Structures are given as structure tokens and as C-alpha cells.
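K.L.:
build the 3D model from these lines:
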Amino acid sequence: MKRIMLVCSSGMSTSLLVDKMNQAAAVMGVDAEINAAAEADFYKHVNQVDVLLLGPQVKFLLEKMKNMLEPKGIAVGVIDRIDYGTMNGENVLRHALNLGKKEV
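P.N.:
Residues are numbered from 1 along each chain as shown. Predicted structure coming up:
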């Protein structure tokens, strides 16, 4: 099972995207646990994820998160702004799964 966390400023908009990703995972037959958190709260759950995706509005955190999480084996990336804006759960899920396959 892939454990994926989406992080944004407040966790609200990514919660909507989590629903779309869960729907896509069900259709695709992907075993995934997908959650959302605000940037201030994600640290509580960081040891329970395989992939961390940042919302476009917090992409400035990318290097900081990579430096902190990739040594722990957690893949880090940014959600495409078009996929984020259109709530394209399937594309974001595929992005997370591809990141999770890479060596970090």
C-alpha cells in the first residue's frame, strides 16, 4: 500500500483533491492511503507516509522538504497547478505513484 500525503496552506483544498484521488484509486485498483494536512500539521504524520505532494501554493517548501524527507526514504514533489485547479485526482495519483517508484 502506498501512503500519500498532500500538503497545502490550510489542508482544505487538498482535502477535496484527496476525495478525487481516492475515487481514482478505486477505479484503477490501486491500494493507497491518501490524506491531506496543513503545512503546519503535517509534521505529526510525516513518519506515516511514502510520498509527500505539495500544493502549488506551498511549492516554495520543496527544497526544504526534500532535504528533510528524502533521506528518510520519503519521495517529495509538487502537484501540477493545472491538475490541482481542475481537481484531477487521477493525474495527481499517477504523479504520486511515479514519485514513489523512484529512488530517493
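K.L.:
for burial, what's the neighbour tally of the closest residue to Ser13 other than its chain neighbours?
P.N.:
Excluding its sequence neighbours, the residue lying closest to Ser13 (C-beta to C-beta, 6 or more residues apart in numbering) is Gly55, at 6.8 Å. (Each C-beta comes from the backbone N, C-alpha and C, glycine too.) Using other C-beta atoms under 10 Å, the number of residues around Gly55 comes to 22.
K.L.:
contacts only, for Gly55.
P.N.:
Gly55 makes contact with 6-9, 13-14, 78-79, 84 under the criterion C-beta atoms under 8 Å, 6 or more residues apart in numbering.
K.L.:
which members of those occur in helices, if any?
P.N.:
Within the contacts of Gly55, residues falling in helices by DSSP state H are 13-14, 84.
K.L.:
just the closest of those to Lys64, please.
P.N.:
Of all the ones in helices among the contacts of Gly55, Thr14 has the smallest distance to Lys64: 18.1 Å, by C-beta to C-beta.
K.L.:
alright, calling it a day.
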